[in-house]
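A.B. asks: quick one: sequence and predicted model below, then my questions.
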Amino acid sequence: MDSALAKLIFDYLASVSNAVEALKDSGIPMDWATNGIPGTGTLSNGATYRKHGYGCEVSLPSGLVDFDFGPDGETSGFDGWHLYLYADERRTLCGKLAQEDLDKALNSALSQGLLVRPNGRGLYYVANSA
């Protein structure tokens, strides 16, 4: 896998993990459908969140991270759009990235077996971590 893509993916997943921990530390359950929490709020660490259909957007000190939960509630997956938004938010670290270039890199990693998409669509996962 392209080293820049690998770095972007692992940085993104680390930020998602930080966001999930901040949500949990604030007593926010991860089951959006049945928990009845407000659509937006402030976490105990001062970060803000906005829940949406399949996931959540969290404003961390390092920047915004938006993610979707996988079909079993996992947070180890990602899609091209959320990865692009993450990179765009962090241009000083990632440089300017075109959506089409990111899509090509993701497709290349997928065809090399470095990424997987369990149902041929939906979220990508790093191979051996799905």
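C.D. replies: That came through, no problem. Residues are numbered from 1 along each chain as shown.
A.B. asks: wasn't Leu64 part of a helix?
C.D. replies: No: using DSSP: H, G, I helix; E, B strand; the rest coil, the assignment for Leu64 is strand, not a helix.
A.B. asks: neighbours of it, how many?
C.D. replies: 18 (other C-beta atoms under 10 Å). (Each C-beta comes from the backbone N, C-alpha and C, glycine too.)
A.B. asks: show me the beta-bridge partners of it.
C.D. replies: For Leu64, the beta-bridge partners are Ser59 (DSSP bridges).
A.B. asks: that one: what's it in contact with?
C.D. replies: Counting by C-beta atoms under 8 Å, 6 or more residues apart in numbering, Leu64 touches 57-58, 85-86, 89.
A.B. asks: swap in Asn107?
C.D. replies: Counting by C-beta under 8 Å, 6+ apart, Asn107 has no contacts.
A.B. asks: so for it, what's the pLDDT?
C.D. replies: If you check Asn107, the pLDDT there is 92.
A.B. asks: what about Pro29, neighbour count?
C.D. replies: Using other C-beta under 10 Å, Pro29 has 11 other residues around it.
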